[in-house]
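>>> coordinates only, sequence not included:
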């Protein structure tokens, strides 16, 4: 890291993107972590989150700040399972392990997601997402990408989809 100063963001600060129904705010980027990890805050409406099973290269660790989430997985035998993740829960998903998550509660939810190594995720979010003026701005639900576009961007960033996307 060339700048040896402490870095801080106030609540609501950071580059915000509308990504597949959630608001993803970049909290700590690769350049600020010596390329060690990428930290985001994800705000999900009830039912939000990528509930479809997928894989990606970096490991992903969730820390639930608000709401009630479910994290989905699939074992080596193809059996699906669900982990309940209420406020305060931490769930770790190793790289290339099938998973998905959703806000299973009736109120908006918020979590931190940490990705390491820093490959693909920042670019994926920027390519599939819609820039927002702030994380507090109304989400542009009318700008959701088509399923064909989602599949194209997933493949480009070495993300594998293990089940069909919801109908458009």
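Yep, it's here. All values derive from a computational prediction rather than experimental measurement. Numbering: from 1, shown residues only.

>>> beta partners for residue 92?
When bridges are called by DSSP bridges, residue 92 pairs up with residue 61.

>>> Quick one: residues contacting it.
Going by C-beta atoms under 8 Å, 6 or more residues apart in numbering, residue 92 touches 59-62. To be clear about C-beta, it is placed using only N, CA and C from the backbone, and glycine gets the same treatment.

>>> From residue 18, how far off is it?
Distance, residue 92 to residue 18, by C-beta to C-beta, to the nearest Å: 26 Å.

>>> burial of the closest residue to residue 14 other than its chain neighbours, as a residue count?
Distances taken as C-beta to C-beta, 6 or more residues apart in numbering put residue 25 closest to residue 14, at 4.2 Å, once the chain neighbours are dropped. Residue 25 has 23 neighbouring residues, counting by other C-beta atoms under 10 Å.

>>> Assess the claim that residue 25 and residue 136 are in contact.
No - using C-beta atoms under 8 Å as the test, residue 25 is too far from residue 136 to be in contact (9.8 Å).

>>> Quick check: neighbours shared by these two?
residue 12.

>>> re the thing from before, among the contacts of residue 92, which one sits closest to residue 153?
residue 60 (17.3 Å; C-beta to C-beta).

>>> Can you identify each of the strands in the chain by residue range?
All strands of the chain, identified by DSSP state E, fall at 15-19, 22-28, 38-44, 54-55, 59-66, 69-74, 80-85, 90-93, 99-103, 109-116, 130-132, 160-161.

>>> Mean pLDDT and distance to residue 141 for those strands - can I get that in CSV?
Listed next are these as CSV, based on pLDDT from 0 to 100; distance: least, C-beta to C-beta, whole Å:
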stretch, mean pLDDT, distance to residue 141
strand 15-19, 96, 8
strand 22-28, 96, 11
strand 38-44, 97, 13
strand 54-55, 92, 21
strand 59-66, 97, 20
strand 69-74, 96, 20
strand 80-85, 96, 24
strand 90-93, 98, 26
strand 99-103, 96, 15
strand 109-116, 97, 17
strand 130-132, 96, 10
strand 160-161, 89, 22
